[in-house]
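S.K.: Coordinates only, no sequence provided:
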Ligand SMILES: Nc1ncnc2c1ncn2[C@@H]1O[C@H](COP(=O)(O)OP(=O)(O)OP(=O)(O)O)[C@@H](O)[C@H]1O
C-alpha cells in the first residue's frame, strides 16, 4: 500500500514453549490511529515490543516506513517513539533533567525538550524530582519522551493508565492533533471506551489471537451506543 506507515506480515511470537501471539497481519496507514484491545495477557505488550524492535518475532516481518526492524535497525528506530508500560525513570532526577537526557539520546535540542514538557502539562513541575511524581505525571513524562523526535510512528503501551479524566481527554486531543500532523499511532488498551474515543481502527485480541479487526466507525454503526464494548463481547462469543 502506498501510504503504509507500519506493515505487520504474518508475525507470531513463541517463548518458553508457549505461543504468546498467533500469526497476525495488519497495515497502519499514515495519519491513522490503531488500538490493540484486549484483557490481561492478551498479547498486546508482546506485539508492541516486536513493533518497536526490542523483541524479535518468531515468524514474519515488520516494516515501518518501509524499513526492516532488524536489517535496518538504526534507521528503523528513528521512525518510532515508544511509551512502554510500567517503565521506571531514574527517580533522582527532576523532570527537566530527565527529558533533557532523553533529548540528548535522540539528538534533539532543548527547545523541543521544553515544548514536549509543555504539551504534556509538566512545565510547572519540571523542577520536581520524578520519584515524587504521581503515576499520571510519570505517564505524561513517558509520553513526552516518546514525542521528542516527532516520530512517524508512535507506539504507546496502555497510555491512559493512571491518567485522571482531565488528562484522558487531553491525551485524546493530543492524539487528534498528532494525527492531523501526519503521525501514525499504535496503542494498546484494555479500556474500550478509550479506543472508541481516540482510534480509527481497533484490533481485538484474546489469548494471543486476533478475534476482530475493523474500523471504530463500523463498530459504532453496528452496535450504536453500546459501541466497542458490545463489539468486543460479540467477537469473544463468536470465538468461544
Ligand atoms: N518472555 C516470556 N516468556 C513466556 N511468557 C511470556 C513472556 N512474555 C510474556 N509472556 C506471557 O505472554 C502473555 C501475553 O503477555 P502480554 O504482556 O503481551 O499481555 P498484555 O495483553 O500486554 O497484558 P496486560 O494488559 O496484562 O499487560 C502473558 O500470558 C504473559 O505471561
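M.R.: Noted; the coordinates are in hand. Predicted model, so just to flag it, every value in this text is computed and none were measured.
S.K.: do you know how far the residue nearest to residue 4 when sequence neighbours are not counted is from residue 112?
M.R.: Excluding the flanking residues, the one nearest residue 4 by CB to CB, 6 or more residues apart in numbering is residue 27, at 4.9 Å. The way it works is simple: take the backbone N, C-alpha and C, and place the C-beta from them, glycine included. Counting by CB to CB, to the nearest Å, the gap from residue 27 to residue 112 is 30 Å.
S.K.: Residue numbers of this protein in contact with the ligand?
M.R.: Neighbours of the ligand within the chain, by CB under 6 Å from any ligand atom: 15-16, 18, 20, 38, 40-46, 85, 190.
S.K.: Including neighbour count, could those go into TSV?
M.R.: Shown next, in TSV, are the residues of the chain next to the ligand (neighbours: other CB atoms under 10 Å):
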residue	neighbour count
15	11
16	5
18	8
20	20
38	25
40	6
41	13
42	23
43	24
44	25
45	18
46	19
85	16
190	16
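S.K.: For the helix or strand harbouring residue 229, name the packing helices and strands.
M.R.: Assessed by DSSP states H and E, residue 229 sits inside helix 227-239. Applying 3 or more CB pairs under 8 Å, 6 or more residues apart in numbering; DSSP states H and E, one finds that helix 227-239 contacts helix 192-198, strand 201-206, strand 209-215, helix 216-223.
S.K.: Quick check: which of the ones you listed is nearest to residue 69?
M.R.: Smallest distance to residue 69 across these (CB to CB): 19.2 Å, for strand 201-206.
S.K.: What is the closest one packed up against?
M.R.: Short answer (3+ CB pairs under 8 Å, 6+ apart): strand 201-206 packs on strand 18-29, strand 33-37, strand 209-215, helix 216-223, helix 227-239.
S.K.: and the least confident helix or strand in the chain by mean pLDDT, how far from the chain's centre?
M.R.: Least confident helix or strand, the chain: helix 165-180 with a mean of 86, by mean pLDDT, DSSP states H and E. How far helix 165-180 lies from its chain's middle: 13 Å, per CA atoms, centre = their mean, to the nearest Å.
S.K.: cool, and stretch 8-24?
M.R.: With CA atoms, centre = their mean, you get 19 Å for stretch 8-24.
S.K.: Flag every buried residue along it.
M.R.: By 16 or more other CB atoms under 10 Å, the buried positions in stretch 8-24 come out as 8, 11, 12, 13, 20, 21, 23, 24.
S.K.: The last one touches residue 47, doesn't it?
M.R.: Think residue 24. Yes - counting by CB atoms under 8 Å, residue 24 touches residue 47, with 7.3 Å between them.
S.K.: State the distance from the residue nearest to the spatial centre of the chain to the ligand.
M.R.: Centroid-nearest residue in the chain: residue 156, 2.1 Å away (criterion: CA atoms, centre = their mean). For residue 156, the distance to the ligand (CB to the nearest ligand atom, to the nearest Å) stands at 12 Å.
S.K.: Starting from the helix or strand encompassing that residue, tell me which strands it pairs with and how they run.
M.R.: Here residue 156, judged by DSSP H and E, is contained in strand 153-157. Here strand 153-157 is paired, per DSSP bridges, with strand 80-83 (parallel), strand 184-189 (parallel).
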